[in-house]
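need a structure here:
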Amino acid sequence: MQEPTLLLLTALADAPRHGYALIQEIDAISGGRVRMCTGTLYGALDRLLQQGLIEVDREEVVDGRARRSYALTGAGRQVLATEAARLRAVAAEAERRMAAAAPKPNPRVRGAFA
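Okay, here's the model as predicted:
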């Protein structure tokens with residue numbers, strides 16, 4: 001799964017949100033590392049709508065402009081849960097391998113000034 005998709009689904013996991021709120025959530029979730037532009041966001045939302053992973057929660061007019069809020073579907077929640085489990089497994093394996101390859105302390109060497 002591409003990171004923007006993962007971030008979008010994660011941003012919708014706890015509450016429906018409209019486009020601007022999604023951009024803010026993605027920024028917060030990624031610690032400012034990912035800044036999604038409007039065109040990319042709406043293209044991704046259209047794709048996720050077609051895949052049935054999100055749905056339009058409501059449409060309203062705010063200050064004369066149409067605003068849609070999106071929500072995660074049951075299928076979207078399942079895809080997100082599966083991806084989160086996959087990422088946890090990969091991270092655990094990475095940590096296991098790094099620990100196995102870490103230099104072992106030599107018990108005969110106590111320090112530079114011993």
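
scan this structure for its longest helix.
helix 74-101 (DSSP state H).

what's the angle from the helix or strand hosting Leu41 to helix 74-101?
Secondary-structure element containing Leu41, defined by DSSP states H and E: helix 38-51. Using axes from the mean of the first three to the mean of the last three C-alpha atoms, to 10 degrees, the inter-axis angle of helix 38-51 relative to helix 74-101 is 110 degrees.

got the buried residues for helix 38-51?
For helix 38-51, a neighbour-count test (16 or more other C-beta atoms under 10 Å) marks Leu41, Ala44, Leu45, Leu48 as buried. For every residue, glycine as well, the C-beta is placed using N, CA and C.

which intervals of this protein have sub-threshold pLDDT?
109-114 (pLDDT under 70).

follow-up on the earlier one: packing partners of the longest helix of the chain?
If you count contacts as 3 or more C-beta pairs under 8 Å, 6 or more residues apart in numbering; DSSP states H and E, helix 74-101 packs onto helix 3-11.

coming back round to it: so which of the buried residues of helix 38-51 comes closest to Glu60?
Nearest to Glu60 among the buried residues of helix 38-51, counting by C-beta to C-beta, is Leu45 at 16.3 Å.

out of everything not next to it in sequence, what's closest to the closest one?
Nearest residue to Leu45, sequence neighbours excluded (C-beta to C-beta, 6 or more residues apart in numbering): Tyr70, at 6.1 Å.

now the one you found: how far from Gly19?
Note on Tyr70: its distance to Gly19, by C-beta to C-beta, to the nearest Å, is 8 Å.

more neighbours, those two?
Neighbour count, other C-beta atoms under 10 Å: between Tyr70 and Gly19, Tyr70 has more, with 24 against 16.

secondary structure class for the closest residue to Glu60 other than its chain neighbours?
Distances taken as C-beta to C-beta, 6+ apart put Arg67 closest to Glu60, at 5.5 Å, once the chain neighbours are dropped. For Arg67, the secondary-structure state derived from DSSP: H, G, I helix; E, B strand; the rest coil is strand.
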